[in-house]
Structures are given as C-alpha cells and as structure tokens.
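Colleague: here is a sequence with its predicted model. Questions after.
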Amino acid sequence: MSSSAKKQAYIFIASKLLRYYFHPQPSQQMINAGADVLRGGSVRDFLKWLFMHPAFYSDEARHSLVKSPFEYAVGLFYAAGKRAVHESEPLHSWLRSRLDQDPYNPPNVAGWPIATVEWLTDSSLLQRLKFIDFATKYPEGTEPTGPVDYSVFMDGAVNALSLVAPEAQLL
Amino acid sequence: MNRRSFIKRSLAAAAGMGLVPSLFSRTALAAGGNGKILVVLHLFGGNDAINTVIPYGQSEYAAYRPDIGIPTANVLPLGASGVTLGLHPALQPLMDNFWHNNELAIVTSVGYPHHNRSHFHSTAVWNTADPDHTNKEGWLGPFIDEKSDPFCATNLGSELPRALRGLHVSGLSLDSIREFDLRSSDWEEQLRSELLRQIHNTRSGTAEEVRRAMDHMLRSVDKVQQAGNSAYDPTTEFPNTSYGRRLRDIARLIKYDFDSQVYYAVFGGYDTHSNQGGATGTQANNFTAFSEALSAFRTEMSTQQRWDDVLVLAFSEFGRRAKQNASGGTDHGRGGVTFVAGGTVNGGVYGGEPQLAEEALDGGDLAVKTDFRRVYADAAGFIGANAAELVGPGFAPLGLV
C-alpha cells in the first residue's frame, strides 16, 4: 500500500470517529489533525486528544449529535432515577419494535446511522415522545433507585414535559 | 441520483420545511405514481402449502397425512385444466369471491434457492429479495428511495418490516390509525400542547434539523388523523379480527387517498408444528379469518371503484414438509404457495401441481419450482416500478396481472 493510501485510511477513520463523538460535519482541519494523532499513536490516543480539545467543548459541538435510540432510552431511564430495569418494564421491546434499534442486531453491514437525524423518522420520533411517559413512570410498588434529575438528560430540563424540546434528542 | 429523483427529493425537503403549500407538494410528490396499489400480506410462520391448495388426486397425499389430511369430500376443487387441485374448505370465501371471478392467481411450489429453514432468515430473504445478501435494504427500498417520501409505503403493525426499508428513506409504520396520535392520554395531550407551543422557536445546526423533523412528524400525525375522520369510514363491515382491523385501516387510507402505493401487514399463527388440524382446527381458523377479511376488503375496494387498481400479494416465508409429524402438525419445509388477487389479475394456477411422489420430493420437502422474485416482478410492474432494479435481473414476471 502506498503511503498516500495509508494516509487516506487514517483520514477515513478519523472522520468516522469525529462524526461519532464530536460533530456530524467535522472541519477538514479537525480531521487532518485527528488523522495525524492516529498515525502517531492509537485510537486511545485519538480519543484522549479529542476529549481534551477545546473544540470538543465549544458551543458549536454542543447539541450537534442525535442520540441513538439506545442512548435515548437508557439515558432517560438514568435521568428518571432508574438504575435497573424492572421486570415489568418492556424496555427491550420498546427499543426493538418502536424506537427502531434492536441491540446487537444492526440493520445491515454498514451498521446503524451515525448520530444523525436519519434516526428521526415520523414514527420513531412519535415513539420517542410516547416513550417519555413510559420511562418516567414507576411500576407499582417501585421507586427511583437513584436521583431523579432530568437536567442530566437535557440542559435546563426541569420535568418530563421539558423533554419535548429538540435538545432532548441531542447529545 | 438522477435528475427526476433529485427534483422529487428537493420537493420533499421543501415540503418538509413547510416552504411549499401542502396541496402543491402532495400533487407534485404523487406525480411519479401510477395510481396503483400493492397490498402485501405476510402469513408468518410457514403456511402449510398442500393443506392450502390440495393435490387431492395423488394417492401420497392421504398416505402422508393420515390425521391432518383434508378428506377429498371437503376439498373445494378448482377445476383448473391440467391439474387436480382444490382449496381448503375454510377458504370458501376465496373460492366464491375471487377464484370464480377469475381474480385469483395461485403460485405453487414457490420459494428460493439454497433454502434455509429458519423463519427469520427466510423472512429476510423474502424481505430483501436477495437470498445471498439478506442484511441490506428491503426489496421495495429502491422504490421508496426514488419517491423519497415515507408516505409512499405504509406498514400496519408495530414493527417496520425490512421490505420497506430504503437506504435513505423508509416507509411509515403505524400500529393503527387510532394510535398514530399524540392524544391517546391526558399526559399526551399535555405533551402535545407543549410541543405545539414550542415548535415555532427556530434553532440552528442539528437542533434546527430536529425541530423540523418534529414539525414534519406533527403534520404527518395530523394527516393520518384526518384519514381517521368518519367521512372516510369504509362502508363495508369488516370482521373484528386482526386481519379485518388491518385491512379496514388500509381500506380507510385508500378511501382518504393517502399517498401510499404499498401497504404491508404481517399476520402470525402459521407455524403449525402441532395440532395443525385438518378441515377444522388451527390452520382452518387462520384461513377463515384471512379469507373473510380479504373478501370484505374486495367488497370495499369495489364500492370505492378501486378494485382494478389493487393487487394483493399474500405469501408465507416457506412451506412445510410433505409428511405430517408425530404431533399432528408439520415441520418447516421448502416449496410454498403464494396468492395474488386483484380486479385485473389473470386468475389461474401458476406452477402446476406439486408432486408428492417420494422421488419428486426434495429431501422430504415439496420442491421449489418457481422463484418468488418472479411474483415480485409482477407486483413491481403493477405499481410502475422497475422490476429488475427491485428483484435483480433475470426474473421474468409470471404474467399474473
């Protein structure tokens, strides 16, 4: 493999990682810088570089990634103070048949969409909103096993109703 | 992407952003369609083909199935030339309303090469129309991508079948018209009014994309709920069964002139390993519910003067073994049977009589003689899609329609 082909491979992987962790359209500058980090080290070095980068904490990067159904569902359970799924709560069936992500069973070899609005079809968005009621209610005889704090799920959220804002869908 | 699909996609995007008056966008988006409607019904579980369309003239039939065979006296003979086949007695409504009107095509010994006995693998094969690459978009995906409109194909059920997944756009899935709404509880009412209050606060970046997606969803919900208006109540009475309710919802959407050219629904209960029954029993009950609902659907479509615009394709992912098992049932096999019905269908039996002699079987299963993709090719042509693009080259339509 020529060295320019190798360079393309680092750029390709850096771009994928940035779209997954950072921004749907990372700048060429960030991609090139990330590719250099990858070339000189490992994925671990790359992530360390990214998570300590000022751009990672910029306003532009905030709320730029769409939560996958799994991130959405588990994140909301956590914010509702649920540290475990009660046996009477069909979380897996919600994920598989309504929220449109069957864990461990990607739709094709390309995997799931990377953090984009592709996730948000009419029916899956509708189900995400319906899911709020399911996730923030407690099955009879149970109570939260952790602090209830919706602001960990969405900045500024004070209650379950706050989560109708678009930001609740974003990381 | 060609020019036509680019224009359509741009229109769809503009419509999504509310830049185009809805009447215009609806007409423009529908311009590519030919007004024909495909209704796909998946009878999940592997319907036993030779107790559905019975080769009652072959001595092996009764010999293979001492407990579950349909007595010749109960069989409804098709009287088709060159074959001795008859329908299961519970399919009497199909006989009366479809077969006798020359509106029922029966495709026998249908299946795919390199058969797999798993329900899920076989379902994936039928859903993708590609036995070698089942982990990809659905066979109707390119059609949906081309239209670039999720309304162009609608599943009635909780889970969107892979058949309606495109690379870029997937079909719509609704459990029922009633439930595709944000008003089914006080809490949802509250959530909806909060959403309506906030939806016009524009944002930037991804948050703005999400806001637009939410706005689009609210419009879709309104649109589907309009179809729920009593003005679009079907005038025909449908049986209160899962078949009846689904087909009634489909008939209602057609009456509303919803944009879908494809409707899809999956029904279970065909995995009859035990207590399959014969002239009565599990399979017979399925058939009664299926054929009564389908007859009501036909009546309603005729009333709406749309029956000539509709093609119903009912398939199962595989057939079952020739011989009954020790539990009064049958196990997973190969060759199956597919029904195609509609006002413009060329009624008849396609594929002849399944051969039951030991040497004609494929390891104890009914042999596959017709690739299911040829049936799909007919269906694709009906809705004006490019059959070769949907099912691959080399699958000539059977001329069912």
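Modeller: Received, thanks.
Colleague: how about residue A:142, what does it touch?
Modeller: By C-beta atoms under 8 Å, 6 or more residues apart in numbering or on different chains, the contact list for residue A:142 reads residue A:86. Just so you know, the C-beta spots here come from the backbone N, C-alpha and C atoms, and that holds for glycine as well.
Colleague: look up how far residue B:220 lies from the most centrally placed residue in chain A.
Modeller: Residue closest to the average C-alpha location in chain A (C-alpha atoms, centre = their mean): residue A:67, at 3.5 Å. To residue B:220, residue A:67 is 21 Å away according to C-beta to C-beta, to the nearest Å.
Colleague: how about residue A:102?
Modeller: 23 Å.
Colleague: which stretches of the stretch 1-150 of chain B form helices?
Modeller: Taking DSSP state H, counting those that start in this stretch, the helices of the stretch 1-150 of chain B run over residues B:3-16, B:22-30, B:59-64, B:92-97, B:119-128, B:141-147.
Colleague: please disregard the earlier target; I meant the stretch 251-400 of chain B.
Modeller: B:282-303, B:372-382, B:387-391.
Colleague: next, format those helices as TSV and append mean neighbour count and distance to residue B:163.
Modeller: Listed next are the helices of the stretch 251-400 of chain B as TSV, based on neighbours: other C-beta atoms under 10 Å in any protein chain shown; distance: least, C-beta to C-beta, whole Å:
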stretch	mean neighbour count	distance to residue B:163
helix B:282-303	22	19
helix B:372-382	24	10
helix B:387-391	18	10
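Colleague: rewinding a little: for the residue nearest to the centre of chain A, what are its contacts?
Modeller: Taking C-beta under 8 Å, 6+ apart as the test, what residue A:67 contacts is A:75, A:115, A:119, A:169-171.
Colleague: and with 7 Å instead?
Modeller: Neighbour list for residue A:67: A:75, A:169-171 [criterion: C-beta atoms under 7 Å, 6 or more residues apart in numbering or on different chains].
Colleague: equivalent analysis for residue B:130, please.
Modeller: Residue B:130 touches B:136, B:392, counting by C-beta under 7 Å, 6+ apart.
Colleague: same question for residue B:226.
Modeller: Contacts for residue B:226 (C-beta under 7 Å, 6+ apart) come out as residue B:256.
Colleague: that one: which element?
Modeller: Take DSSP states H and E as the rule and residue B:226 turns out to sit in helix B:205-227.
Colleague: output that helix as CSV - backbone C-alpha positions only.
Modeller: Output of helix B:205-227 as CSV, limited to C-alpha atoms (Å, rounded to 0.1, in the frame of the first residue of the first chain):
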residue,chain,number,x,y,z
GLY,B,205,-27.5,23.4,13.4
THR,B,206,-28.7,19.9,14.3
ALA,B,207,-31.2,21.2,16.8
GLU,B,208,-32.9,23.0,13.9
GLU,B,209,-32.9,19.8,11.9
VAL,B,210,-34.6,18.0,14.8
ARG,B,211,-37.1,20.8,15.2
ARG,B,212,-38.0,20.4,11.5
ALA,B,213,-38.3,16.7,11.9
MET,B,214,-40.7,17.2,14.8
ASP,B,215,-42.7,19.7,12.8
HIS,B,216,-42.9,17.2,10.0
MET,B,217,-44.0,14.5,12.4
LEU,B,218,-46.8,16.7,13.8
ARG,B,219,-48.0,17.3,10.2
SER,B,220,-47.9,13.5,9.5
VAL,B,221,-49.9,12.8,12.6
ASP,B,222,-52.5,15.3,11.6
LYS,B,223,-52.6,13.8,8.1
VAL,B,224,-53.1,10.3,9.3
GLN,B,225,-55.7,11.6,11.9
GLN,B,226,-57.6,13.3,9.0
ALA,B,227,-57.9,9.8,7.5
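Colleague: mind listing what's buried in it?
Modeller: Going by neighbour count (16 or more other C-beta atoms under 10 Å in any protein chain shown), the buried part of helix B:205-227 is B:205-207, B:209-218, B:220-221, B:223-224, B:227.
Colleague: where do the domain boundaries of the chain fall?
Modeller: Let's take chain A. For chain A, automatic domain parsing gives the domain ranges A:3-57, A:69-169.
Colleague: the chain in question should be chain B.
Modeller: Domain ranges of chain B: B:32-178+B:228-391, B:179-221, per automatic domain parsing.
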